[in-house]
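Trainee: Return a 3D structure for these sequence lines:
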Amino acid sequence: KKMKVTLLDIYRKSNYKISKNTNSGMGTGNNYGNNIVGKIQNLLIKKSIHYPPQNCLYIMSILCNEGHEVIYSETLTENQSDLYIFTSSLVNFETELNSLIKLRELTNKPFIFIGSAAEFNYKKIISSDKKNKTFVIAGEAEGFFFENRKLINENFFLKFENKITYKKLYNLDEFPLPAWEIIFKYSSKSKMIFLGLNNKSITIEGSRGCPYSCSFYCCYPNIQGNKLRLRKPQKILDEMLYFNEKLNVKNFTFRDPVFSISKRHVVELLNKIILTNKKFNICVETQLKDMDQEMVQLMKKAGVKLIYVGVESSELEVLESAKRKNPTNENILEKVNYIEKSGIMIKCNYILGLPADDFNSSLKTIKFAEKINSVFAQFTIFTPMPNTPAWKLYEDKITSKKYEEFTMWDLIFDHKNLTEKDIN
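Mentor: Numbering: from 1, shown residues only. As a prediction, this is how the structure comes out:
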């Protein structure tokens, strides 16, 4: 039987940008503060950047290819669907849980929760459904749907325990193309204005997984795995060309944890993009230690307009406390200057409140950011996230009562050197 399926991507009300597409699905909330400058920044960023979670794009496409009717919604709705799929996050968790309870009063159909935050909070999710028809997929849910795509129907999930553990990690090339047609049909919010005011924007993945040592606090290697899963460069290009022709998309934001981690892979991809002569606008996230002049020049020719890089802290002791390995400060300054002189904008990301941070080291990091003077600079707060070694170390020191406070813009634990007032 072909089903009607609604994918619910629910967001709490907020005056700042909430994203489920970051932090490997745990999400972030860009709260720049309540003074006049902070409020302006909050409004600007909220209106400038928004993408749905990557896993829901694949799941919608998998279901559509099997002939099911698929609806995407960012508001809670009961529309006589046969199956409801909830995207999960920490930064929206209490809102998502309340949405489950409200919708359960209106329908007896199965609910499926997907994402790393649902896996972490599966007991709370399952116990909230008095009808016992809510299921949490622990693992990469798109792989589960793909493997069982011929079998899934309204009653398929009823034979499972409420927590479905799925450990297989697929190569993304095996999945059908993400269902951006559905997103643009039901939502006009997918955007990245910093790549162009009038162009449609989508996210794309060239890889998953990360072997770097910052897994102490970073969600990506802990959730996606340490093993690097690279897509074929031609497959990535085919995806870009398809959505350029089909939806007139020119802006592409790569969601790889480290875009340039495999030089051979990224050089091949960039050369393929250059040969198309397409005028794409591209945003990537990477580490400066993987960048050299050859790669920068290829990125420029391929259409890379904006690069996110993690600097985190200027202080070696602070970096070591978070098991972070950086180039020297001199090398960072040199590379950022070279990249921006080539015509590519840089957003340097910094983290205040790392384990060994104190007030003086934080001020030194801010001074270093001023010295770098990149086009964009972003300061977040060290947040021990579930599924990371940092969580295990700080779990007993967590002071926040709600997971929605895990925005990475708020101090949510008892720091040995810094108070919430210091951070603010």
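Trainee: pretty sure residue 270 is in a strand, no?
Mentor: No. Counting by DSSP: H, G, I helix; E, B strand; the rest coil, residue 270 is not found in a strand; it is helix.
Trainee: hang on, isn't it packed against residue 302?
Mentor: Yes. In this structure, residue 270 is within contact of residue 302 by C-beta atoms under 8 Å, at 4.4 Å. C-betas here are computed from N, CA, C, even on glycine.
Trainee: The least confident helix or strand in the chain by mean pLDDT pairs with which strands, and in what direction?
Mentor: Lowest by mean pLDDT, DSSP states H and E among the helices and strands of the chain is strand 191-192, with a mean of 83. Note on strand 191-192: by DSSP bridges, its sheet partners are strand 49-50 (antiparallel).
Trainee: Any buried residues in the helix or strand following the partner strand, and which?
Mentor: Following strand 49-50 in sequence order, the next helix or strand is helix 54-65 (DSSP states H and E). Using 16 or more other C-beta atoms under 10 Å as the test for burial, helix 54-65 gives 54, 55, 56, 57, 58, 59, 60, 61, 62, 63, 64.
Trainee: How about stretch 124-139?
Mentor: In stretch 124-139, counting by 16+ other C-beta under 10 Å, buried: 125, 126, 128, 129, 133, 134, 135, 136, 137, 138, 139.
Trainee: Restricted to helices, list the residues you listed.
Mentor: 125, 126 (DSSP state H).
Trainee: Neighbour count: residue 270 and residue 302, which is higher?
Mentor: The neighbour count for residue 270 versus residue 302, taken as other C-beta atoms under 10 Å, is higher for residue 270 (23 against 19).
Trainee: got the contact list for that one?
Mentor: Taking C-beta atoms under 8 Å, 6 or more residues apart in numbering, we find residue 270 in contact with 295, 298, 299, 301, 302.
Trainee: and of those, the nearest to residue 80?
Mentor: residue 302 (46.1 Å; C-beta to C-beta).
Trainee: Looks like the closest one contacts residue 274 (just checking).
Mentor: Yes. The criterion here is C-beta under 8 Å, and residue 302 meets it with residue 274 at 5.3 Å.
Trainee: Show me the contact partners of stretch 388-398.
Mentor: By C-beta under 8 Å, 6+ apart, the list of residues contacting stretch 388-398 reads 215-219, 222, 322, 382, 384-385, 412-414.
Trainee: oh sorry, the question was meant for stretch 413-424
Mentor: Here stretch 413-424 makes contact (C-beta under 8 Å, 6+ apart) with 33, 352-353, 355-359, 362, 381, 383-384, 394, 397-400, 410-411.
Trainee: which parts of that stretch are buried?
Mentor: 413, 415, 418, 423.
Trainee: could you list every residue that touches the residue nearest the centre of the chain?
Mentor: Among the residues of the chain, the one closest to the centroid is residue 22, at 2.0 Å (C-alpha atoms, centre = their mean). Taking C-beta under 8 Å, 6+ apart, we find residue 22 in contact with residue 28.
Trainee: Would you format the buried residues of helix 54-65 as JSON lines with distance to residue 257 and pLDDT included?
Mentor: As requested, the buried residues of helix 54-65 are arranged in JSON lines below (distance: C-beta to C-beta, whole Å; pLDDT from 0 to 100):
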{"residue": "54", "distance to residue 257": "12", "pLDDT": "95"}
{"residue": "55", "distance to residue 257": "15", "pLDDT": "96"}
{"residue": "56", "distance to residue 257": "19", "pLDDT": "96"}
{"residue": "57", "distance to residue 257": "18", "pLDDT": "97"}
{"residue": "58", "distance to residue 257": "17", "pLDDT": "98"}
{"residue": "59", "distance to residue 257": "21", "pLDDT": "98"}
{"residue": "60", "distance to residue 257": "23", "pLDDT": "98"}
{"residue": "61", "distance to residue 257": "22", "pLDDT": "98"}
{"residue": "62", "distance to residue 257": "23", "pLDDT": "98"}
{"residue": "63", "distance to residue 257": "27", "pLDDT": "98"}
{"residue": "64", "distance to residue 257": "28", "pLDDT": "97"}
